[in-house]
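In: Would you be able to build a 3D model of this:
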Amino acid sequence: MTTRAAEQLLPPKLSRRWHYAREQAISFLMQQAVENPDVISLAAGLVDSETLPVEETRAAVEKVLADHGSGKMALQYGTTAGSERLRRLLLAHFAGLEGCDPHHLGVTASQFVVTTGSQQLLSLVCEILLDPGDICLVAGPTYFVFVGNLNGVGAETVTIPCDDDGMQTDALEAALQQLEDEGRLDRVKLIYTVSYYDNPSGRSLSAGRRQQIVDIAHRWSKHHRLFVLEDAAYRELRYDGETLPSVWSCDNSRQTVIYTQTFSKSFSPGLRIGFGVLPRDLVQPLCDRKGNEDFGSANFNQHILATVLESGLYDSHVEQVCAAYRVKRDAMLAAADRWFADLPGVEWVHPHGGLYVWMSLPAQIQTGFESPLFLRAVKEGVMYVPGELCYASPLEERPRNEMRLSYGVQPPEGIDEGMRRLSVAVRAMLDAADGNDA
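Out: Okay, the predicted model is just below:
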């Protein structure tokens with residue numbers, strides 16, 4: 001092709017779905033981490049490399065490949081819904097979390113779908129339920145990558161405020177009433193909640209509100225069934241506090257709540273295995289869509305995880321992971337007390353599990369990527385996730401003074417130093433707001 005011909009090429013016409021999903025914040029955060037390698041990241045939602053199960057995985061791989069026949073089976077294509085062996089084990093594992101016998105769950109292994117992490121399940125649910133203009137109700141704040149999934153299918157998002165008990169159910173009811181008054185209730189398809197130690201705030205939905213959300217979904221299913229999508233990614237990372245029932249367990253019909261969980265946080269993100277427990281009439285539609293993408297998640301990885309679950313190595317590993325993260329959680333809360341307690345208007349959540357601490361600053365201190373605080377924090381050598389990213393409402397309606405802090409990657413001493421650096425940046429902004437030298 002000549003230079004002149006190349007110059008005359010027209011630009012590509014990209015899809016509307018690309019337009020919906022462009023400019024993801026996670027890409028900017030990764031770029032910042034690469035460009036500032038000396039910065040302590042309190043932003044990365046990665047797991048601690050020291051907790052990764054190398055020995056357990058090596059033993060499982062050796063066992064999978066020890067027999068020629070089983071090795072070939074693991075290296076072959078699998079099925080779209082996932083390995084039948086693994087799905088039976090997931091049924092038993094889920095029953096253990098629910099505190100009952102598998103026969104009393106009210107579902108079968110056929111309603112379990114294995115996905116490439118829980119993120120794929122979230123994406124697939126959006127694909128099969130939501131057309132452009134359909135509505136999903138989410139907490140504010142919420143998991144910002146899921147907001148990207150919603151944007152990617154052209155859905156409208158309605159934000160429901162939260163408090164320490166999670167999504168406010170009276171506000172959820174009021175939002176649904178307003179949508180009905182506007183003649184748009186028929187566009188509402190989904191309520192999304194991160195039920196345990198949520199990303200980003202570390203809060204859990206209270207037991208009473210779990211039942212209320214299911215009851216609200218049943219009550220407002222006037223044009224079609226309104227589903228609740230329960231994201232339980234952090235369920236097994238519990239360090240203290242009460243044991244809470246799943247939202248799924250509050251749905252006696254077993255036809256309203258879509259449940260998803262992942263082994264990325266509790267075992268290994270490198271295996272990329274999550275699963276969904278689906279109402280019976282959503283299994284085939286979801287597998288139809290999934291089949292268009294991958295014919296099934298990595299079969300070899302599924303056999304590895306199945307072997308780990310059968311061996312009993314998984315439960316002991318989760319105990320080790322929780323012990324390690326409990327130390328890190330305590331280190332971040334101690335550092336918050338040490339470096340921020342004397343700063344007026346600074347507050348933070350004390351999570352009982354998960355990987356995050358949510359911090360709020362005085363209203364006049366903005367935390368966004370282009371804010372003086374973010375720039376000063378990077379200059380001081382620390383990075384966080386701006387809280388405004390974790391809301392789906394228009395920017396002018398979002399709180400601008402919050403941040404998500406992760407203790408997953410850093411060791412305790414790195415957490416303390418990162419919090420110290422962050423406090424220097426916050427203190428400089430407070431001094432500037434008071435008219436003092438920064």
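
In: give me every residue that touches the residue nearest to residue 75 when sequence neighbours are not counted.
Out: Distances taken as CB to CB, 6 or more residues apart in numbering place residue 300 nearest to residue 75, at 5.9 Å, with adjacent residues excluded. Where you see a C-beta, it was placed from the backbone N, CA and C, and this is true even at glycine. Residues near residue 300 by CB atoms under 8 Å, 6 or more residues apart in numbering: 64, 74-75.

In: Would you mind putting the residues you listed into a markdown table with pLDDT, neighbour count and distance to residue 221 alongside?
Out: Below are the contacts of residue 300 laid out as a markdown table (pLDDT from 0 to 100; neighbours: other CB atoms under 10 Å; distance: CB to CB, whole Å):
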| residue | pLDDT | neighbour count | distance to residue 221 |
| --- | --- | --- | --- |
| 64 | 96 | 18 | 44 |
| 74 | 96 | 22 | 42 |
| 75 | 97 | 12 | 45 |
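
In: Just the ones of the residues you listed in helices?
Out: 64, 74-75 (DSSP state H).

In: Could you tell me whether the residue nearest to residue 75 really is in a strand?
Out: No: using DSSP: H, G, I helix; E, B strand; the rest coil, the assignment for residue 300 is helix, not a strand.

In: ok, it to residue 427 distance?
Out: The spacing between residue 300 and residue 427, counted by CB to CB, to the nearest Å, is 51 Å.

In: One more: residue 369?
Out: 20 Å.

In: do the same with residue 380
Out: Taken as CB to CB, the span from residue 380 to residue 427 is 10 Å.

In: got it, and residue 60?
Out: 49 Å.

In: Give me the more crowded residue out of those two.
Out: residue 60 (23 against 18; other CB atoms under 10 Å).

In: Tell me the secondary structure at that one.
Out: Secondary structure, three-state DSSP: residue 60 is helix.

In: Need the pLDDT of it.
Out: pLDDT for residue 60: 96.

In: Helix, strand, or coil at residue 110?
Out: Secondary structure, three-state DSSP: residue 110 is helix.

In: avg pLDDT for stretch 261-274?
Out: Model confidence over stretch 261-274, given as mean pLDDT, is 97.

In: Buried residues, that stretch. List them.
Out: Within stretch 261-274, the residues that qualify as buried are 261-268, 271-274, counting by 16 or more other CB atoms under 10 Å.

In: phi, psi of residue 137?
Out: As for residue 137, its main-chain torsions (degrees, to the nearest 10) stand at phi -100, psi 130.

In: my guess is it contacts residue 189, does it?
Out: No: look at residue 137 against residue 189 with CB atoms under 8 Å: they stay out of range, at 9.5 Å.

In: Show me which of these two is the more surrounded one.
Out: Remark: of residue 137 and residue 189, residue 137 carries more neighbours, 27 against 21, as counted by other CB under 10 Å.

In: The stretch 151-300 of the chain: strands as residue ranges?
Out: According to DSSP state E, counting those that start in this stretch, the stretch 151-300 of the chain carries its strands in the segments 156-163, 166-167, 188-194, 227-231, 257-262, 274-277.

In: What of the stretch 301-438 of the chain?
Out: With strands called from DSSP E, counting those that start in this stretch, the stretch 301-438 of the chain shows them at 347-348, 356-360, 382-383, 385-386, 402-406.
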